[in-house]
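Engineer: Sharing a model prediction with you, sequence too.
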Amino acid sequence: MVGPKVGRTAGFGEDGVQMKRFVEGGHLVSLMALVLLLCVGCGSSEEPEANENEGEEENLCGGSAELQEAPGDVCGPCDLDEVLCDGGDATVCSGETYGCDGTDEECGRCSECVDCTADDGWYDVDSSYECCDGLALCTQCQDQEFRQYFCDGEDCDYMVADTRVELSDCAGCEGEAVCQSGSCEMVDECDDDSECGGDEGICDGGVCVACIDDSDCAEGVCHPDSRRCVGCVDSEDCADEICDGGECVECAGDEGCDEPLICRSEENLCVECVDSDDCGDETCIDWQCCDDSLSDSEVCAGHGVECGQVDDDCGAAVDCGGCDDPQVCAQGTCQEPTYVFGGGNDSTVRMIDVQGEEVWSYDENELVVTAVAVDSTGDVYSSASDALVCRIDDEGDEVWAENAGGTSAEGVAVDADGNVYVARFDTSMQVLDAQGEPDWSFGGHSERLWDVAVDDSGYVYTAAGADVFPNDATVRKINADGIEQWSFSEHAQKVNAVAVDADGYVYTASSDQTVRKLNAGGNEVWSFSEHSDGVQAVAVDADGYVYSASGTLVGDDDFTVRKIDDEGDEVWIFDGHDDRVNDVAVDRQGNVYSASSDQTLRKIDADGNEVWVFDGFEQPVQTVAVEPGLVGAFPQAWNDD
């Protein structure tokens with residue numbers, strides 16, 4: 001039996017309310033009596049209005065139907081003032097074991113009750129593992145915990161009341177096989193040691209074994225069941241470590257750590273936390289619980305550390321001063337104050353600082369935000385499937401919103417003069433001036449446009465295609481007068497994204513699972529085909545490194561970001577996302593930012609290591625851009641000023 005601890009996850013039981021009895025202090029308490037006692041004096045002192053159902057007793061709602069009865073204190077969070085009246089029926093929520101799920105807007109009262117205790121029971125913890133019970137029985141073991149659910153005033157939560165090891169899939173070894181280290185194995189019969197060889201050179205009881213006692217083992221100890229030399233039989237053989245599967249390890253589970261530490265199973269390390277659910281009101285950073293409610297400067301003042309130094313309490317959680325203005329200290333180094341912008345299915349555009357914290361949120365769109373770009377002044381431009389293109393200033397306030405195209409805006413780019421380029425669903429590329437007024441458009445495509453990019457010479461690049469054939473899977477280069485310069489059509493499926501570098505090389509990402517590099521004349525230089533799923537986005541940095549993002553709704557689960565060198569060879573793979581990666585951007589330091597349908601936006605350093613995760617979006621994240629430096633899917637030379 002272990003002491004109670006708060007569960008990491010919460011679940012709801014079956015809907016509805018049932019008549020139950022409680023055990024309190026070893027005595028059964030009648031719910032009906034409890035409800036009557038608790039509710040004396042809870043109702044209004046005013047006389048209720050006459051019931052239109054004459055001759056029938058009036059209930060608490062003024063109706064004639066009986067109230068459903070619930071255990072616990074009906075004068076609690078869901079009390080008599082929160083009874084939902086619906087056609088004479090009513091539901092009463094208790095503050096003890098019942099949570100209130102949803103609010104009826106008309107009555108302002110609980111619209112549904114859930115029984116938290118319905119989920120009480122034994123639950124598996126982690127995966128089962130092989131264990132051996134005696135010489136002739138092999139067993140699967142499963143750690144389990146008994147969860148008792150309760151209502152915390154709003155939601156159902158649980159605490160762990162007991163633990164056990166459940167044995168399952170028992171299999172007796174057949175014939176002359178015996179259980180050896182968790183599996184049934186054949187052994188050699190013998191009359192003396194001369195008939196045994198190899199590691200099992202001892203004849204004992206007619207069976208060849210490796211050892212009879214510890215003295216027969218050059219290293220380790222003799223396991224009494226398998227009679228093989230192993231690193232350990234139990235934790236007493238392991239000094240400060242524990243025995244798991246015949247080997248001494250630091251921890252194979254939380255039981256291998258001194259409280260309050262827990263086991264980080266990937267490395268068998270005893271740590272303070274694995275995720276923030278282990279930390280209460282604090283945040284888990286570098287496997288330690290840290291109070292992130294204070295600013296870095298406040299924490300630094302208390303601990304006396306500078307940029308690049310490690311804080312004794314919170315490790316890399318604290319990044320402190322010592323940087324020349326305008327640089328800031330982030331992740332232990334002095335960096336430019338880079339800002340990241342993301343948008344997605346929750347119709348918002350969000351600004352995120354170098355530490356991964358939200359600065360502001362713009363929520364005037366009604367549908368999915370499909371793309372974002374940023375200019376040299378820090379103003380942000382968004383396109384959305386409600387056809388709007390919006391300009392937002394660096395404080396998060398709207399400058400203008402334009403719906404001149406009338407169809408879904410799928411991509412957006414901005415040049416040094418503030419001209420805005422929009423890729424639209426209706427196969428057109430539209431240009432707006434800095435005030436959001438339509439300037440000119442290009443209509444050379446026959447299918448939907450997915451992305452648009454512009455270089456510092458004013459050339460525009462568009463990506464198009466459809467999921468069916470013929471699909472116009474092309475990339476086109478257009479000059480500042482709207483005249484097509486060339487068209488590249490070697491992709492087998494739609495082109496999802498396009499980027500261009502300072503030398504005029506063009507990079508494309510396609511559902512045909514390839515990334516391609518084209519020269520300024522539209523001829524292919526190389527093709528990268530290591531993705532096993534559709535490539536959704538592409539970006540390029542000042543050194544010619546290319547970054548791709550992949551995944552589809554029904555693909556091969558290649559939810560990766562990849563770094564590719566200027567020869568088309570893969571440098572590294574980041575696979576930390578749990579769903580499709582929809583967009584990618586890169587800053588001047590080579591840090592990469594990825595937007596995913598797993599509702600996160602992540603920062604990855606130049607070596608492919610995750611720096612932070614922003615999870616403030618409520619739905620899939622479709623797009624990301626970064627400022628200053630390399631913006632969205634293409635570099636802007638004018639941002640080097």
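Structural biologist: Happy to help now that I have it.

Engineer: residues touching Leu432, list them.
Structural biologist: Val389, Glu402, Ala404, Asn419, Val420, Val422, Pro438, Asp439 (CB atoms under 8 Å, 6 or more residues apart in numbering). Any C-beta I mention is one placed from the backbone N, CA and C, and that applies to glycine too.

Engineer: so how far is Asn496 from the fourth one?
Structural biologist: So the one you mean is Asn419. 24 Å (CB to CB, to the nearest Å).

Engineer: and what of Arg588?
Structural biologist: Taking CB to CB, one finds Arg588 at 25 Å from Asn496.

Engineer: same check, this time on Arg516
Structural biologist: 12 Å.

Engineer: Tyr505 now?
Structural biologist: In terms of CB to CB, Tyr505 sits 18 Å off from Asn496.

Engineer: These two - which one has more neighbours?
Structural biologist: Per other CB atoms under 10 Å, whichever of Tyr505 and Asn496 has more neighbours is Asn496, with 29 against 17.

Engineer: and the helix or strand hosting the more buried one, what does it pack onto?
Structural biologist: In this assignment (DSSP states H and E), Asn496 forms part of strand 495-500. Secondary-structure packing of strand 495-500 (3 or more CB pairs under 8 Å, 6 or more residues apart in numbering; DSSP states H and E): strand 449-454, strand 460-464, strand 506-510, strand 535-540, strand 634-635.

Engineer: rerun that using 6 Å as the cut-off
Structural biologist: strand 449-454, strand 460-464, strand 506-510, strand 535-540 (3 or more CB pairs under 6 Å, 6 or more residues apart in numbering; DSSP states H and E).

Engineer: Would you double-check that Gly590 falls in a strand?
Structural biologist: No. Going by DSSP: H, G, I helix; E, B strand; the rest coil, the assignment for Gly590 is coil, not a strand.

Engineer: Look at it and say how many residues are nearby.
Structural biologist: 18.

Engineer: circling back: of all the contacts of Leu432, which two lie farthest apart?
Structural biologist: Ala404 and Asn419 (13.8 Å; CB to CB).

Engineer: Using PDB, write down the CA coordinates of stretch 495-504.
Structural biologist: The C-alpha coordinates for stretch 495-504 follow below in PDB (Å, rounded to 0.1, in the frame of the first residue of the first chain):
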ATOM      1  CA  VAL A 495       3.700  21.600 -54.900                       C
ATOM      2  CA  ASN A 496       3.000  22.700 -51.300                       C
ATOM      3  CA  ALA A 497       5.700  25.300 -50.700                       C
ATOM      4  CA  VAL A 498       8.400  27.400 -52.400                       C
ATOM      5  CA  ALA A 499      11.400  29.400 -51.100                       C
ATOM      6  CA  VAL A 500      14.200  31.400 -52.700                       C
ATOM      7  CA  ASP A 501      17.700  32.300 -51.500                       C
ATOM      8  CA  ALA A 502      19.800  35.400 -52.000                       C
ATOM      9  CA  ASP A 503      21.500  33.900 -55.100                       C
ATOM     10  CA  GLY A 504      18.200  33.200 -56.900                       C
END
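
Engineer: That one - what's its average pLDDT?
Structural biologist: On average, the pLDDT along stretch 495-504 is 94.

Engineer: List the buried residues in that stretch.
Structural biologist: Using 16 or more other CB atoms under 10 Å as the test for burial, stretch 495-504 gives Val495, Asn496, Ala497, Val498, Ala499, Val500, Asp501.

Engineer: I would like the residues contacting it, please.
Structural biologist: 450-451, 453, 455, 461, 463, 465, 473, 475, 506-510, 520, 536-540, 633-635, 637 (CB atoms under 6 Å, 6 or more residues apart in numbering).

Engineer: Isn't Gly418 up against Asp433?
Structural biologist: No. Between Gly418 and Asp433 there is no contact, the gap being 7.5 Å when judged by CB atoms under 6 Å.

Engineer: So those two - more neighbours on which side?
Structural biologist: Under the neighbour definition other CB under 10 Å, Gly418 and Asp433 were set side by side, and Gly418 has more, 17 against 13.

Engineer: could the helices and strands packed on strand 495-500 go into CSV alongside distance to Asp426 and mean neighbour count?
Structural biologist: Output for these, formatted as CSV (distance: least, CB to CB, whole Å; neighbours: other CB atoms under 10 Å):
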stretch, distance to Asp426, mean neighbour count
strand 449-454, 8, 27
strand 460-464, 12, 29
strand 506-510, 21, 29
strand 535-540, 22, 28
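
Engineer: Kindly reformat those as a markdown table and extend each row with distance to Ser529.
Structural biologist: Output for those, formatted as a markdown table (distance: least, CB to CB, whole Å):
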| stretch | distance to Ser529 |
| --- | --- |
| strand 449-454 | 20 |
| strand 460-464 | 18 |
| strand 506-510 | 10 |
| strand 535-540 | 10 |
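
Engineer: Minimum distance to Gln144: which of those has it?
Structural biologist: Using CB to CB, those put strand 535-540 closest to Gln144, at 41.1 Å.

Engineer: The closest one pairs with which strands, parallel or anti?
Structural biologist: strand 546-550 (antiparallel) (DSSP bridges).

Engineer: ok, and what's touching the partner strand?
Structural biologist: 507, 509, 515, 531, 533, 535-540, 558, 560-564, 581, 584, 586, 592, 594.

Engineer: Could you give the number of residues near the nearest residue to Asp607 once chain neighbours are set aside?
Structural biologist: Leaving aside its chain neighbours, Asp607 sits nearest to Trp572 (7.0 Å; criterion: CB to CB, 6 or more residues apart in numbering). Counted with other CB under 10 Å, the neighbours of Trp572 add up to 15.

Engineer: how would you label Trp572: helix, strand or coil?
Structural biologist: strand.
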